[in-house]
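J.: after the sequence you'll find the predicted model.
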Amino acid sequence: MPVRLHLDRLLVQRRMSLAELADRTGVSAANLAILKAGDARALRFSTLDALCRELACQPADLLTWEP
Amino acid sequence: MPIMRTLGPGSLSSFMKAVLDVVWGLLLVVLAILGASLLYGVLAAFNPAMPFARLVLFEGLDPLQAWAVVLARLGTAVLFVGGVLTIVSSLRKLFATLKAGDPFHPDNVTRLRVVAVGLAWLELVRYAVWTLGALLPPQAAPDRPNLSLTAWFSILVVVVLAEVFREGARLRRESELTI
């Protein structure tokens, strides 16, 4: 899929672990791992909202489209 | 009066699964009896010394011809019961998932397709029996079957249902990967 989610890069930049992000956002670590691996089919606005809030970023920082 | 649930333990599906289990067991017994009878018939047809070997069922037929008719009918019954057993077996597995509250299990698509093929098989066996019945002596030939529109319509309904379940399974998989 040409839409990529750069969760791993943002986690490194914010020096945050996946478990900590899971704890802060309320999204399970298993689901975040699916997101990180790029295996997710769809992303809810509520999840995007929680990720942007806790990672202090814009959706465009998380998502990019590659043709 | 409380309405009986259709899915999950203690539901209508649960009751139907129990009924299908009983029917499946009975069909297995019937198939075993038919299979044993078929085997005995083949042996008896060529060995007049065996008990009941000198079969006189139809006027004007010698025992070998009579056995040919009986074996043809037994063979048809085996094919028919085998088809019904296949359908019931698939339905048992399908209803087990309904009992578990998981109707859109991916395997249910194949199970419904097996049911559709099984129903078509039963219809085709009817026509094949009539066609091949022309080879039998006239007094033992089967009756001409009616074209059952209800049966073929049911087959098409099951085929469409299989596609509905395939779409349901796809949506379930997508929802599992929606985060």
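T.: Sure thing, it's come through.
J.: can you pull out the low-pLDDT segments for chain B?
T.: B:1-2, B:53-60, B:139-140 (pLDDT under 70).
J.: which positions in it make contact with chain A?
T.: Chain B has residues B:174, B:177-179 near chain A, with proximity defined as Cβ under 8 Å from any Cβ of the partner chain. Every residue, glycine included, has its C-beta placed from N, CA and C.
J.: from the contact counts, what lies against the biggest helix by length in chain B?
T.: Assignment by DSSP state H gives helix B:63-99 as the longest helix of chain B. Helices and strands touching helix B:63-99, by 3 or more Cβ pairs under 8 Å, 6 or more residues apart in numbering or on different chains; DSSP states H and E, are helix B:12-45, helix B:107-132.
J.: as a markdown table, these with mean neighbour count would be great.
T.: Putting the helices and strands packed on helix B:63-99 into a markdown table (neighbours: other Cβ atoms under 10 Å in any protein chain shown) gives the following:
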| stretch | mean neighbour count |
| --- | --- |
| helix B:12-45 | 15 |
| helix B:107-132 | 18 |
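J.: mind listing what's buried in the longest helix of chain B?
T.: Going by neighbour count (16 or more other Cβ atoms under 10 Å in any protein chain shown), the buried part of helix B:63-99 is B:63, B:65-99.
J.: before we move on, what about stretch A:21-32?
T.: Going by neighbour count (16+ other Cβ under 10 Å), the buried part of stretch A:21-32 is A:21-22, A:25, A:27, A:31-32.
J.: so which of the residues you listed are also by chain B?
T.: A:27, A:31-32.
J.: out of the residues you listed, the closest to chain B would be?
T.: Lowest distance from chain B to those (Cβ to the nearest Cβ) belongs to residue A:31, with 4.5 Å.
J.: I'd say that closest one and residue B:176 touch.
T.: No - judged on Cβ atoms under 8 Å, residue A:31 makes no contact with residue B:176 at a distance of 10.0 Å.
J.: residue A:52 reaches residue A:59, doesn't it?
T.: Yes - between residue A:52 and residue A:59 there is a contact at 6.1 Å, judged by Cβ under 8 Å.
J.: compare these two (neighbour count), which wins?
T.: Taking other Cβ atoms under 10 Å in any protein chain shown, residue A:52 and residue A:59 do not tie; residue A:52 has more neighbours (17 against 12).
J.: quick one, what contacts that one?
T.: With contacts taken as Cβ atoms under 8 Å, 6 or more residues apart in numbering or on different chains, residue A:52 has the following neighbours: A:58-59, A:61-62.
J.: just the buried members of these?
T.: For the contacts of residue A:52, a burial check counting by 16+ other Cβ under 10 Å picks out residue A:62.
J.: in helices, which of the contacts of residue A:52 appear?
T.: Per DSSP H, helices hold the following members of the contacts of residue A:52: A:59, A:61-62.
J.: could you dump the residues you listed into a markdown table and include pLDDT and distance to residue A:41?
T.: Listed next are the ones in helices among the contacts of residue A:52 as a markdown table, based on pLDDT from 0 to 100; distance: Cβ to Cβ, whole Å:
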| residue | pLDDT | distance to residue A:41 |
| --- | --- | --- |
| A:59 | 94 | 18 |
| A:61 | 92 | 21 |
| A:62 | 93 | 16 |
